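K.L.:
fold the following and give me the result.
(chains A and B)
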2 protein chains.
Amino acid sequence: MDYSKMSPSDVRKLIREGKITGQTSGMCDGYAQGNLLILPMEQAYDFLLFTQRNPKPCPILEVGDKGSRLVKTMAENADIATDIPRYRVWEYGDMVGEYTDIAHLWRDDFVYFLIGCSFSFEGELLSAGIPVRHIEESKNVPMYITNIDCEEAGIFHGKVVVSMRPMLAIEAIRAASITASMPRVHGAPIHLGDPENIVIKDISKPDFGDSVTIKDGEIPVFWCCGVTPQSVVMSAKPPIAISHAPGHMFITDVKNTLLKD
Amino acid sequence: MDYSKMSPSDVRKLIREGKITGQTSGMCDGYAQGNLLILPMEQAYDFLLFTQRNPKPCPILEVGDKGSRLVKTMAENADIATDIPRYRVWEYGDMVGEYTDIAHLWRDDFVYFLIGCSFSFEGELLSAGIPVRHIEESKNVPMYITNIDCEEAGIFHGKVVVSMRPMLAIEAIRAASITASMPRVHGAPIHLGDPENIVIKDISKPDFGDSVTIKDGEIPVFWCCGVTPQSVVMSAKPPIAISHAPGHMFITDVKNTLLKD
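P.N.:
You can find the predicted model right below:
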């Protein structure tokens, strides 16, 4: 089955029926995928404020109404509690379980946050002829914890996590321009060149994901990463939180190209 | 005294001392000014969510910490309860008083919202040689209530209010490009040309502000307007809310050009 050409609603149906439980990378070509975080209302204000103060690592695609599982605008007839292939449940910062459906855990005070994902801008980079090395090498994108503080909001604070893609300087300039027009999926890079400026000691040893080849003449280019909100939330240790499992994203009905604004 | 060349901190000091109580239009040339809304924590989540869902009419510059009067990032040593020339206090949607200082009314559960203002992009338009008719004619910008619904959030809902500037089509194209790069001050226009498409019956009769001349060959260009959040909040009738008085804005330390992102 070639999921890359299927519609988001058809793939979400297979996910809901438990027929897809794996990663969503490459599915529904051209459509935006989103990171998920679910919090009780008690922590929702602080987290919403955190995303407002840190739009580059935490670009919000949509916030649900209190208690509502129905996705409002990013997809039609989608249930946030069933339409993601794999969820992780966190209690006081510890992962306590993985599920392919969380309908039985849903509460009236839950609020979901859908957060933009770099999958969306990588398609745009590839279309513009800019290399995306971890895709070329069939790896996960390399990610690093920087010394850059997020702006605090209530219980939430921590360092910005970045993803890195190596390219030529001239490609970096074009990549900056392309991604600057996509603020809902992390926007422009926050750094390029010398990784030590943001206290990355060894570019060959990412904190998350895989190391990729940096060819002669290429420079590393760093974007804020969607791992930031999850890592910040987990370190804030709320009594309960639910996220997607890494790579198991929510597939929206919205084309990546429409995230330009 | 020529306030246009003074620094924001010097002007804020005069405001704090009660020596300036009038409108801030034209003060501190090049620096962004912001709309103010203060709400109790009980309504703050719904309003923050409303701004997240309606970023073009409600572009947030900054949200304060609960109970804090100290401006966090948009200005240094600024007190949101004293550094605006004139405030309006609203109870259940009715204006119950105007004050030049609201320190005596401040509460531990108040949260302030600073919202971007079209003053910021008008400077950029003028710099690019694009006419801003209401400035040429020494009037207030014409504003209209449209038939476009805001996305609801909790108790907050209502129609988008737009401001209008007439210009040639070729100028509208450049103005769209310039303002698209300034999402924190309303961003790109939401409409141009036939005003009836957004149910403006008579372009010569704005709902707020003044009518301006539309010259032969010009088309009206419509931007989301910062009056939207205030009108929406007032129609939601929270027990208490505090805003700036129209035209009496908070002057930030941030240059308009830095609001491009």
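K.L.:
pull the residues that contact the lowest-mean-pLDDT helix or strand in chain A.
P.N.:
Ranked by mean pLDDT, DSSP states H and E, the helix or strand of chain A with the weakest confidence is helix A:227-236, at a mean of 87. With contact meaning Cβ atoms under 8 Å, 6 or more residues apart in numbering or on different chains, helix A:227-236 is reached by A:35, A:37, A:39, A:43, A:47, A:50-51, A:54, A:57-58, A:90, A:93, A:113, A:115, A:143, A:145, A:150, A:155-161, A:163, A:208, A:241, A:243. Where C-beta positions appear, they are placed from N, C-alpha and C, glycine not excepted.
K.L.:
just the buried ones from the residues you listed, in ChimeraX syntax?
P.N.:
In ChimeraX, this line selects whichever of these come out buried by 16 or more other Cβ atoms under 10 Å in any protein chain shown:
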select /A:35,37,39,43,47,50,51,54,57,58,90,113,115,143,145,150,155,156,158,159,160,161,163,208,241,243
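K.L.:
so which of the contacts of helix A:227-236 reach chain B?
P.N.:
A:Thr51 (Cβ under 8 Å from any Cβ of the partner chain).
K.L.:
can you tell me which of the contacts of helix A:227-236 end up in helices?
P.N.:
If you go by DSSP state H, these have A:Gln43, A:Phe47, A:Phe50, A:Thr51 in helices.
K.L.:
where exactly do the strands run in chain A?
P.N.:
For chain A, the strands defined by DSSP state E cover A:31-40, A:60-63, A:87-91, A:94-99, A:110-116, A:143-149, A:159-168, A:191-192, A:218-224, A:241-244, A:250-255.
K.L.:
chain center to stretch A:161-175: distance?
P.N.:
Distance of stretch A:161-175 from its chain centroid, counting by Cα atoms, centre = their mean, to the nearest Å, is 18 Å.
K.L.:
likewise stretch A:47-62?
P.N.:
Distance of stretch A:47-62 from its chain centroid, counting by Cα atoms, centre = their mean, is 12 Å.
K.L.:
same deal with stretch A:4-12?
P.N.:
How far stretch A:4-12 lies from its chain's middle: 19 Å, per Cα atoms, centre = their mean.
K.L.:
in it, what's buried?
P.N.:
Buried residues in stretch A:4-12, counted by 16+ other Cβ under 10 Å: A:Met6, A:Pro8, A:Val11, A:Arg12.
K.L.:
nearest to chain B among those residues?
P.N.:
Taking Cβ to the nearest Cβ as the measure, chain B sits nearest to A:Pro8 out of the buried residues of stretch A:4-12, at 21.0 Å.
K.L.:
show the contacting residues for that closest one.
P.N.:
Taking Cβ under 8 Å, 6+ apart as the test, what A:Pro8 contacts is A:Cys28, A:Tyr31, A:Ala75, A:Ile251, A:Thr252, A:Asp253.
K.L.:
recalculate using a threshold of 6 Å.
P.N.:
Neighbour list for A:Pro8: A:Cys28, A:Tyr31, A:Ile251, A:Asp253 [criterion: Cβ atoms under 6 Å, 6 or more residues apart in numbering or on different chains].
K.L.:
ranking those residues by neighbours, who comes first?
P.N.:
The most crowded member of the contacts of A:Pro8, judged by other Cβ atoms under 10 Å in any protein chain shown, is A:Ile251 (28 neighbours).
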